[in-house]
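Asker: return atomic coordinates for the entry below.
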Amino acid sequence: MNPEAEAAVTDRFQQAKARLRAELQDQLQSRSEQLDEEHSGLEYVRNKAEISAMEAKVDNPALLYSNLTAPISWSLFK
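Answerer: You can find the predicted model right below:
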């Protein structure tokens, strides 16, 4: 391969690599933000459950928390 063609191929490769890396970083940032929101939602639910338990003067709040270990449908928070 002549040097000009090789340089062109290398340049296209580097551009594609940079573009894919930027897309991956955007996806990772988006997923990280989504996880942060879901974590905040979980904290909110647990805090609300704790407050509700205190207000209701539940004798055994562990019973209330045992229900929170089940998977939560995050669609409720969107």
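Asker: low-scoring stretches of the protein, by residue?
Answerer: Applying pLDDT under 70 to the chain flags residues 57-78.
Asker: how far away is the residue nearest the centre of the chain from Val45?
Answerer: Note on the chain: the residue nearest the mean C-alpha position is Leu35, at 2.1 Å, using C-alpha atoms, centre = their mean. Note on Leu35: its distance to Val45, by C-beta to C-beta, to the nearest Å, is 16 Å. C-beta here means a position set from N, CA and C on the backbone, and glycine is covered the same way.
Asker: returning to what we had before: and the residue nearest to the centre of the chain, what helix or strand is that in?
Answerer: helix 3-56 (DSSP states H and E).
Asker: helices or strands up against that helix?
Answerer: Helices and strands touching helix 3-56, by 3 or more C-beta pairs under 8 Å, 6 or more residues apart in numbering; DSSP states H and E, are helix 61-66.
Asker: do you know how far Ala16 is from Val9?
Answerer: If you go by C-beta to C-beta, the gap between Ala16 and Val9 works out to 11 Å.
Asker: could you report the distance from Met54 to Leu24?
Answerer: 45 Å.
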